[in-house]
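Colleague: I would like to see how this sequence folds:
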Amino acid sequence: MLTRRQLVRRGAAGAAVLLLPPATARAAVLRDGRFRQGVLSGDPTPDGITLLTLLDDAEGRGQVRLEVARDAAFRRVVASRNITTSARDGYSVKARIRGLDPHERYFYRFETRTTQSPVGRFQTALPEDSNETVKFAFFSCADYTHGYYNAYELMAREDVDFVVNLGDYIYAEAYHRRGQTGVRNDPIGEARSLDDYRDKYALYRSDKALRDVHAKFPMIATWDDHEVIDNYAGSAPAGGLPAGKYNTARKNAGYKAYFEAMPFFASGRSRIYRGLRFGNTVDMIMLDQRQYRDDQPCNDAVAVPCAGYDAPRAYLGRAQMDWVKQRLASSPAAWKVIGNETMMMNAELLGGAYYTFDSWQGYSNEREELLEHIRSRAIQDVVFVTGDIHTFIAGDVRTQRQRGESVALEFVGGSITSQSFGETDLPVGGGQTLPGNDANPNTPQAIIDTLRGLNPWVDQADFDHHGYGLVEASPTKFDVSFKRVQTIKRRSRATLPSTGFTYSVARGQKSIKGVNGPPA
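Modeller: Here you go, the predicted structure:
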């Protein structure tokens, strides 16, 4: 524990670094508290980072000390400040630090008068004129109850610059129970109050594997639906859900807990769509596909498109759509990477049925507007990295409801633990259901081939396994591999072979059809 004299001396070392919110002297440093949720960093830029912790077992209003250093022993401290927090904030302690050097590793920690957090590390982003390689992992959908966080444990061992969370970081619901289809129980059940949502983040971070990911890498995050409630539509009356499932107070509670618990600051009240540059190599464009959307068409069923399914309806909303179009058109980066919650490619089944209408295929007007913008402006090297659907899929993004020209690529990164297609009974259209097996998912290759035939833009798919995607992007190529874990039903580091699940995309390449699957 640092003495008061050391704190004062080290505080002077960081005088040139700005922290937001600003430090204040109106409250004393808290005496007690525990850092059970670990430490988190996020949204790295060439000169800045957001740092976060959440304090448990604290009382009253007070300050928590933050230090940032160039070394893990904290001999070369570059910033130190006190940050005020209280029960009203959920004892969230968060600051934005600027004035750092580009593409440098730093270490950070928090402390009260009697306790100290684990030490975290982060790396700032490349300078804007850099042509160096960028490495990152992308993932989504981490239902705590359904399986162990083996994928997080492996991710923490990767050599990446940052990680990208594409939503469903927590589940407001508790779908599984130990001994049935789950391996862990969720004592909170379904979150409805602010305390419930706060407790969800604490529960999920009780797993050391997730804490290790946060301690080792900055996270760039967006949300999907389960951070509030399954399948809600933010602009629809009653969230587009049955009566009693959704209300404004519940949405506000989910949002407040999210912003307390995640390592970035919203712009304005709750804007989370944003872009982050990594030199001339990657422009990471993060979308928000929940807050501004109208209700899903066709009752979000597995069915043939209903009358009016292609009527105009908001998905991104006008302000976000205009922003992303401008960002794509003006970006100088080699790779325009879109952090995308739900799948851009269609998912079509037997008899002309769609696999629900919650994704882009249920909002075809905005889908066509965005893709036509990419086509007509000849915007090259757009890649969607996607979560939500609990399946590994790689394929071509085409205009005209997937019947037109390929203008981008899409890589869907499975799920950390959330139930895959092979682990549940899957409606496949025409009144037919494909039986699943939660304990031993093993979708026959013939079924994969049949569904791939119905979706000829898809090159490769894995319906059974969990994991994440890995990217290594250079000025000339975009390499992607799907990291698939062998099981989530017991703790294990075993993985499946990468054969058939790796891609090396060249600049200007608009199709991966035939790389690992059948040719076009």
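Colleague: ok now do the residue lying closest to Gly514 once chain neighbours are set aside, which residues does it touch?
Modeller: Leaving aside its sequence neighbours, Gly514 sits nearest to Ala520 (CB to CB, 6 or more residues apart in numbering; 6.1 Å). (Glycine included, C-beta is placed from N, CA and C.) The contact partners of Ala520, taken as CB atoms under 8 Å, 6 or more residues apart in numbering, are 456, 511, 513-514.
Colleague: Distance of Ala520 relative to Asp459?
Modeller: Going from Ala520 to Asp459 by CB to CB, to the nearest Å gives 9 Å.
Colleague: what touches both of those two?
Modeller: In contact with both Ala520 and Asp459: 513-514, using CB under 8 Å, 6+ apart.
Colleague: for the record, mean pLDDT for the helix or strand hosting Ile220?
Modeller: Following DSSP states H and E, one finds Ile220 within strand 219-221. What strand 219-221 shows for mean pLDDT is 99.
Colleague: Let me see the residues that make contact with it.
Modeller: 40-44, 162-165, 169, 213, 262-264, 276, 284, 286, 339.
Colleague: again, only using 10 Å
Modeller: Contact with strand 219-221 is made by 40-44, 50, 52, 122, 136-139, 162-167, 169, 213, 227, 258, 261-264, 272, 274, 276, 284, 286, 339, as judged by CB atoms under 10 Å, 6 or more residues apart in numbering.
Colleague: next helix or strand past that strand?
Modeller: Using DSSP H and E, the helix or strand that follows strand 219-221 in sequence is helix 248-261.
Colleague: now that next one: mean pLDDT?
Modeller: For helix 248-261, mean pLDDT rounds to 97.
Colleague: Would you map the helices across this protein?
Modeller: Under the criterion DSSP state H, the chain contains helices at 4-13, 150-155, 194-204, 208-216, 248-261, 318-330, 364-376, 399-402, 445-454.
Colleague: Check which residues of the third one are buried.
Modeller: For helix 194-204, burial by neighbour count (16 or more other CB atoms under 10 Å) applies to 194, 196-204.
Colleague: and what of the longest one?
Modeller: Within helix 248-261, the residues scored as buried using 16+ other CB under 10 Å are 250-251, 253-261.
Colleague: from the residues you listed, which is closest to Ser364?
Modeller: Proximity of those to Ser364 (CB to CB) peaks at Lys251, which lies at 26.0 Å.
Colleague: Leaving out sequence neighbours, find the closest residue to that closest one.
Modeller: Closest to Lys251 by CB to CB, 6+ apart is Val228, at 5.4 Å.
Colleague: That neighbour contacts Tyr197, correct?
Modeller: Yes. Val228 is within contact range of Tyr197, at 8.5 Å (criterion: CB atoms under 10 Å).
Colleague: Confirm for me that Arg452 is in contact with Thr443.
Modeller: No. The pair Arg452 / Thr443 is not scored as a contact, 11.7 Å apart, by CB under 10 Å.
Colleague: what number of residues lie near Pro263?
Modeller: For Pro263, the neighbour count with other CB atoms under 10 Å is 23.
Colleague: List the contacts of Pro497.
Modeller: Arg484.
Colleague: so how far is Lys477 from it?
Modeller: 22 Å.
Colleague: now the buried residues of helix 248-261 as a markdown table including distance to Ser376?
Modeller: Compiled in a markdown table, those are given as follows (distance: CB to CB, whole Å):
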| residue | distance to Ser376 |
| --- | --- |
| Arg250 | 41 |
| Lys251 | 36 |
| Ala253 | 42 |
| Gly254 | 38 |
| Tyr255 | 36 |
| Lys256 | 40 |
| Ala257 | 41 |
| Tyr258 | 36 |
| Phe259 | 37 |
| Glu260 | 42 |
| Ala261 | 40 |
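Colleague: Out of the residues you listed, which comes closest to Asp396?
Modeller: Lowest distance from Asp396 to the buried residues of helix 248-261 (CB to CB) belongs to Tyr258, with 33.0 Å.
Colleague: Can you tell me the closest non-neighbouring residue to the closest one?
Modeller: Tyr258 sits nearest to Glu227 (CB to CB, 6+ apart), 5.3 Å away.
Colleague: those strands in the stretch 251-400 of the chain, which residues are they?
Modeller: Assigned by DSSP state E, counting those that start in this stretch, the stretch 251-400 of the chain shows strands spanning 274-278, 282-286, 335-340, 382-386, 392-398.
Colleague: Tell me what angle the last one forms with helix 364-376.
Modeller: Between strand 392-398 and helix 364-376, the angle comes out at 70 degrees (axes from the mean of the first three to the mean of the last three CA atoms, to 10 degrees).
Colleague: now the second one
Modeller: Taking the same axes, to 10 degrees, one finds strand 282-286 and helix 364-376 inclined to each other by 170 degrees.
Colleague: just the helices of the chain: most buried one?
Modeller: For these, ranked by mean neighbour count under the definition mean count of other CB atoms under 10 Å, the leader is helix 150-155 at a mean of 23.
Colleague: what comes into contact with that helix?
Modeller: For helix 150-155, the surrounding residues in contact (CB under 10 Å, 6+ apart) are 137, 139, 142, 149, 163, 207-214, 216-217, 413-417, 465-468, 470, 483-495.
Colleague: Which residue ranges make up the domains of the chain?
Modeller: Following automatic domain parsing, one finds the domains of the chain at 4-123, 134-149+263-506.
Colleague: pull the CA atoms of stretch 125-142 into PDB?
Modeller: This file holds the C-alpha atoms of stretch 125-142, laid out as PDB (Å, rounded to 0.1, in the frame of the first residue of the first chain):
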ATOM      1  CA  ALA A 125      -3.700   2.600 -30.600                       C
ATOM      2  CA  LEU A 126      -1.300   3.100 -33.600                       C
ATOM      3  CA  PRO A 127      -0.700   6.700 -34.800                       C
ATOM      4  CA  GLU A 128      -2.900   7.700 -37.700                       C
ATOM      5  CA  ASP A 129      -0.100   7.500 -40.200                       C
ATOM      6  CA  SER A 130       1.000   4.000 -39.200                       C
ATOM      7  CA  ASN A 131       0.900   1.100 -41.600                       C
ATOM      8  CA  GLU A 132       1.600  -1.600 -39.000                       C
ATOM      9  CA  THR A 133      -0.400  -4.800 -38.500                       C
ATOM     10  CA  VAL A 134      -3.500  -4.700 -36.200                       C
ATOM     11  CA  LYS A 135      -4.500  -7.800 -34.300                       C
ATOM     12  CA  PHE A 136      -7.800  -8.300 -32.400                       C
ATOM     13  CA  ALA A 137     -10.400 -10.800 -31.300                       C
ATOM     14  CA  PHE A 138     -14.200 -10.500 -31.700                       C
ATOM     15  CA  PHE A 139     -16.900 -12.300 -29.700                       C
ATOM     16  CA  SER A 140     -20.500 -12.100 -28.400                       C
ATOM     17  CA  CYS A 141     -23.100 -14.000 -26.400                       C
ATOM     18  CA  ALA A 142     -21.800 -15.200 -23.100                       C
END
